[in-house]
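A.B. asks: what's the 3D shape of this:
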Amino acid sequence: MQQVVKRQLLYKFTGLELKAIAQEMAAHVDSLEQVEAEKKEANDQFKERIDRFKRLIKEAAHKINTGQEQRLIDCQVEKDHVQNVVRVYRLDTNELVEERALTIEERQQFLMPEGEWQGEVRTH
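C.D. replies: Numbers count the residues shown, from 1 in each chain. Reported below is the predicted structural model:
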């Protein structure tokens, strides 16, 4: 009786087998492109989130390092027509934040109240 054994040897595909393999490969290419597109979209979303946290961390670190930040603070403007200066004070700390000379327009408004210098006559 003859003995039959299996061995790993080269096998030549038939034309139909090659066509089936080619179709399978084309389907895999489509699937790969779809998965890569999904990955890119996910990476873009993660990058957006990561960048947002990096920006927040950087802003917080700057506040910690400097101990301060820019904010809109209510201020009071005082015009001193005797000394011809304008002074601006923070309302939260009463700190003087600006002192400058009165402009020509500001001095004229003091000398001639608004209604008069525009040609109107004020009646009291």
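A.B. asks: Outline the domain layout of the protein.
C.D. replies: As given by automatic domain parsing, the domain ranges for the chain are 12-69, 75-117.
A.B. asks: Flag the shaky bits of this structure, pLDDT-wise.
C.D. replies: Low-confidence segments of the chain (pLDDT under 70): 110-124.
A.B. asks: I'd like the domains of the chain written out as CSV, with mean neighbour count and distance to residue 4 added.
C.D. replies: Backbone N, C-alpha and C define where each C-beta goes, glycine included. Below are these laid out as CSV (neighbours: other Cβ atoms under 10 Å; distance: least, Cβ to Cβ, whole Å):
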stretch, mean neighbour count, distance to residue 4
domain 12-69, 10, 21
domain 75-117, 12, 97
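A.B. asks: quick one: the helix ranked longest in the chain to chain centroid distance?
C.D. replies: As assigned by DSSP state H, the longest helix anywhere in the chain is helix 15-66. Taking Cα atoms, centre = their mean, to the nearest Å, the mean C-alpha location of helix 15-66 is offset from the chain mean by 22 Å.
A.B. asks: Could you list every helix and strand in contact with that helix?
C.D. replies: The contact analysis (3 or more Cβ pairs under 8 Å, 6 or more residues apart in numbering; DSSP states H and E) places helix 15-66 against no helix or strand.
A.B. asks: show me the contacts for residue 48.
C.D. replies: Counting by Cβ atoms under 8 Å, 6 or more residues apart in numbering, residue 48 touches no other residue.
A.B. asks: For residue 38, see how far away it is.
C.D. replies: Using Cβ to Cβ, to the nearest Å, we find residue 48 at a distance of 16 Å from residue 38.
A.B. asks: what's the answer for residue 90, then?
C.D. replies: Separation of residue 90 from residue 38 (Cβ to Cβ): 54 Å.
A.B. asks: ditto for residue 92
C.D. replies: Distance of residue 92 to residue 38, given as Cβ to Cβ: 52 Å.
A.B. asks: neighbours around residue 7, how many?
C.D. replies: Residue crowding around residue 7 was assessed by other Cβ atoms under 10 Å; the count is 4.
A.B. asks: Fine by me, we can end here.
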